[in-house]
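*Asks:* next input, structure requested:
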Amino acid sequence: MTKAEYEAMVGATFEDIVATLRQKNADYTGISADPFANFRLSELEGVAPERGLLIRVQDKMQRIRSFLDQGRLFVEGESFEDAIHDIIGYMVLLKGMLLEKTQDDPLRLN
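*Replies:* Numbers count the residues shown, from 1 in each chain. Take a look at the predicted model:
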């Protein structure tokens, strides 16, 4: 991959992630004005939303591990790129959740 190809891939990746984040947020939160509404549901099970998000990231990491170990994924239509994009999207969501939670004191979570 050349530097120009890499830079084009970076641009396309982030464009795709932004579009997917918007679409998934609409699907997962419905008409709620809260962009993290679906993650807050983990509180019903006693799990902090941020930790619930990290659990989902581990699922995506495991898919990537499987791809690295087996050389392929078995779910048709899902690629390692999808898993990577999902992880990046989750990190953007986590950033938003943490910014919201620490808005009064960015150096302290609780």
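
*Asks:* residues of the host helix or strand of Glu15 that come out buried?
*Replies:* Element membership for Glu15, per DSSP states H and E: helix 3-29. Residues of helix 3-29 classed as buried: 17, 21, 25, 29 (neighbour count, 16 or more other CB atoms under 10 Å). From N, CA and C alone the C-beta is placed, and that goes for glycine too.

*Asks:* mind giving me the packing neighbours of it?
*Replies:* helix 37-40, helix 80-101 (3 or more CB pairs under 8 Å, 6 or more residues apart in numbering; DSSP states H and E).

*Asks:* residue nearest the centroid of the protein?
*Replies:* Tyr90 (1.9 Å; CA atoms, centre = their mean).

*Asks:* list the contacts of that one.
*Replies:* 53, 56-57, 60 (CB atoms under 8 Å, 6 or more residues apart in numbering).

*Asks:* closest to Leu99 out of the residues you listed?
*Replies:* Leu53 (13.7 Å; CB to CB).

*Asks:* now the helix or strand hosting the closest one - C-alpha only, CSV.
*Replies:* Following DSSP H and E, the helix or strand that holds Leu53 is helix 49-70. The C-alpha trace of helix 49-70 is given here as CSV (Å, rounded to 0.1, in the frame of the first residue of the first chain):
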residue,chain,number,x,y,z
PRO,A,49,-23.1,1.8,30.3
GLU,A,50,-19.4,2.4,29.7
ARG,A,51,-18.6,-1.1,30.8
GLY,A,52,-21.4,-2.6,28.7
LEU,A,53,-19.9,-0.8,25.7
LEU,A,54,-16.5,-2.3,26.5
ILE,A,55,-18.0,-5.8,26.6
ARG,A,56,-19.4,-5.2,23.1
VAL,A,57,-15.9,-4.1,22.0
GLN,A,58,-14.5,-7.4,23.3
ASP,A,59,-17.0,-9.3,21.1
LYS,A,60,-15.6,-7.4,18.1
MET,A,61,-12.0,-8.1,19.2
GLN,A,62,-12.8,-11.8,19.3
ARG,A,63,-14.1,-11.7,15.8
ILE,A,64,-10.8,-10.1,14.7
ARG,A,65,-8.8,-12.8,16.7
SER,A,66,-10.8,-15.5,14.9
PHE,A,67,-10.0,-13.9,11.5
LEU,A,68,-6.3,-13.8,12.4
ASP,A,69,-6.4,-17.4,13.7
GLN,A,70,-8.5,-19.0,10.9
